[in-house]
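*Asks:* Pasting the sequence and the predicted model now:
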Protein chains: 2
Amino acid sequence: EKVLAAIPQKVDSVYLDSLAQWKAEGKAAVWLRVPISLSRCAAAASAHGFTFHHARNDYAMLALWLGEGESRLPGFATHQIGVAGAVVDESSGKVLVVQDRNKTKNAWKFPGGLSDPGENIGTTAVREVFEETGVRSEFRSLLSIRQQHNHPGAFGMSDMYIICRLSPLTYEINFCTQECLRCEWLDISELAKTSETTPITSRLASLLLHGLEHGFDKIDLNMEELPAVYSGRFYQLYYRQLPILKL
Amino acid sequence: EKVLAAIPQKVDSVYLDSLAQWKAEGKAAVWLRVPISLSRCAAAASAHGFTFHHARNDYAMLALWLGEGESRLPGFATHQIGVAGAVVDESSGKVLVVQDRNKTKNAWKFPGGLSDPGENIGTTAVREVFEETGVRSEFRSLLSIRQQHNHPGAFGMSDMYIICRLSPLTYEINFCTQECLRCEWLDISELAKTSETTPITSRLASLLLHGLEHGFDKIDLNMEELPAVYSGRFYQLYYRQLPILKL
C-alpha cells in the first residue's frame, strides 16, 4: 500500500499519472490524505476512482484499491456505542429508572446515552446516570449487549447498546427535566412484572432479580484491565468471573 | 438543525451569507452534504468553520455548530467490531485454535476477524472461522468482550472484540495458509495451562473448561432476536438465560 499527502499540483498530475505504474509494481492500494482546505484534490482524485474511506474534523482519507477483485482494505468504524446503567440498591431491592421526555410511549428504562470517543463502557454508564438523574454510582459489571444495524440515530450505521450494573454512592434524585419526564427508585420485582417498560428493560429486570436472590456473581461479566501489546496502553476485558474453588 | 446540499454557487455565497441569520433564528447546527465530485464546496465551507463529521464512499457530511458552548451534535461511529469464534467440540473437550502467520510471538488463539458493515456478531464468527480454518460451525453464545481505544488497526478509533462460543458442524481442518501458520483441535484443559497463548485466550479457555464441566448455561450469554420500534427491523439481545425453575 502507498500513502500519499494531497498536494494540488500532484493530485492533478504526478500522483495520478503514477497509478498505472504503482499497480504494475504490485501495490494493492493507494491512500490519499486530504486536508479540508485542499478538498478540491478529493474531487480530482475521485475522477480517477478514489472514494472516501473516512473523514474526521479537518481531513478526509481517500482510498483506491489497485489489487485483484473486490477491495480488501479494512473498513472504518461501523458502530456507535451506547451504555445504560442499572443502578441497583441491594439493601432495598430497588433500581433507578427514568421515563424519557421525548418518546411517544412512556416506558420505564435505565438511564444511559452514547459513549464519547475513547471513553470506557463503565465511565459512560456512570456519567450518563449522573447527568440524567443526579445519582452518583460506581461500575460493577456488564450484563447484556444489544446489536442493531441501520440505526436511525447512527447515521445509518450500527449501534451497540450495553447494559451495565452499577452500585449507588448517593441516593437523592435530581433528574434532568430536559431529558426525563420521571425518575424513581423502583422495586426490581415490580419492574420485572410491569408492562410499562421496554422488552430489554423487562428482561434485564428479571436478570437483576435473579442476581438479587442468588448472588450477582451468577449474572455479572466482571472487568479486568490488561496491558495491550502496544506499549503503555491497556484494554478492558469483560467476562464471567469463575467461582473460587473451595478446597 | 438545518440540512443543506452542496451546490457550488450557493456554498460560496448564498448559504454562507445565511449563517448569521440561521444563528439568529436559533438553529443549533447546519449540516452540509457534499458529493465527492463537488469537494471544493467542502474547502469553501471550511473557511466558514464547517468541519468533517464523516464521509463514506462518494460523499462527505460536514457540520457547523451554531448553538451555545461546545457542539452537542452526536458523533459518528467510533468502534470497529471484531469477532472470534471458540469452536468447542463437547464430545472430545477440544477447541479449534490457530497461530497467526504474521505475528512475532506465535501464540494459540481463536480464529476471528472484523465484522463487515451490517453483519451480526454470530455471522462474523462463523464466517471468519470457516475462512481461516475450513471448519463449518454454528453460533451458540457470546462469552466475553474486550474494549480497546486508539487501536492501531482501527485508524486511531476504538475496537470492540467479542468472543463467541460456536459448535462444530464439520471437523476436518483445511486452514488458510496466507493467514495461519498452524491450526489444531486442542484440549481445552491444555489451552488453559499453556503459556503459548494470549492472556485473553487463556482466560477464555478456563471459562470454557468451567462450561464443559458444569454446563455451558453457566457461562453463556444467549441471543434473542426482538423487533425494533422502527418497523420491520430486528435487533439481537445477548444476555444470560435464567435457569428454568424446577417445580
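*Replies:* Looks like it arrived, so ask away. Numbers count the residues shown, from 1 in each chain, chains lettered A, B, ... in the order given.
*Asks:* which secondary structure element contains the spatially most central residue of chain A?
*Replies:* The residue lying closest to the centre of chain A (C-alpha atoms, centre = their mean) is residue A:81, at 1.4 Å. Here residue A:81 sits within strand A:79-89, counting by DSSP states H and E.
*Asks:* downstream neighbour of that strand in the secondary structure list?
*Replies:* Following strand A:79-89 in sequence order, the next helix or strand is strand A:94-100 (DSSP H and E).
*Asks:* List of residues touching the lengthiest helix in chain A?
*Replies:* Longest helix in chain A by number of residues, with DSSP state H as the criterion: helix A:199-214. Helix A:199-214 is touched from outside by A:86, A:88, A:90, A:93, A:95, A:97, A:107-110, A:143-144, A:146, A:161, A:163, A:165, A:188-189, A:191-192, A:194, A:197, A:218-220, B:224, B:226, B:237, B:239-240, B:242, with contacts defined as C-beta atoms under 8 Å, 6 or more residues apart in numbering or on different chains. Every C-beta, even on glycine, is put in place using the N, C-alpha and C of the backbone.
*Asks:* Go through these and flag which are in helices.
*Replies:* Mapping these onto helices (DSSP H) picks out A:188-189, A:191-192.
*Asks:* For chain B, state which of these is nearest.
*Replies:* Distances from chain B to the ones in helices among the contacts of helix A:199-214, taken as C-beta to the nearest C-beta, are shortest for residue A:192 (10.9 Å).
*Asks:* Can you report how many residues lie near that closest one?
*Replies:* Applying other C-beta atoms under 10 Å in any protein chain shown, we find 19 residues neighbouring residue A:192.
*Asks:* that older thread, distance from the chain centre to the longest helix of chain A, please.
*Replies:* 23 Å (C-alpha atoms, centre = their mean, to the nearest Å).
*Asks:* Kindly export it (C-alpha atoms) in CSV.
*Replies:* Provided in CSV are the C-alpha atoms of helix A:199-214 (Å, rounded to 0.1, in the frame of the first residue of the first chain):
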residue,chain,number,x,y,z
PRO,A,199,-38.6,-5.5,26.2
ILE,A,200,-34.9,-5.1,27.1
THR,A,201,-35.6,-3.5,30.5
SER,A,202,-38.1,-6.2,31.4
ARG,A,203,-35.6,-9.0,30.6
LEU,A,204,-32.9,-7.2,32.5
ALA,A,205,-35.1,-6.7,35.5
SER,A,206,-35.7,-10.5,35.7
LEU,A,207,-32.0,-11.0,35.4
LEU,A,208,-31.3,-8.5,38.2
LEU,A,209,-34.0,-10.1,40.4
HIS,A,210,-32.1,-13.4,39.9
GLY,A,211,-28.9,-11.7,40.9
LEU,A,212,-30.5,-10.2,44.0
GLU,A,213,-31.8,-13.6,45.1
HIS,A,214,-28.9,-15.9,44.1
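*Asks:* now the angle between strand A:79-89 and that helix, please.
*Replies:* 40 degrees (axes from the mean of the first three to the mean of the last three C-alpha atoms, to 10 degrees).
*Asks:* domains of chain A?
*Replies:* When chain A is parsed with automatic domain parsing, its domains come out as A:2-65, A:79-224.
*Asks:* quick one: terminal-to-terminal distance for the shortest one?
*Replies:* Read it as domain A:2-65. Taking C-alpha to C-alpha, to the nearest Å, domain A:2-65 runs 11 Å from one end to the other.
*Asks:* Appreciated, that's everything.
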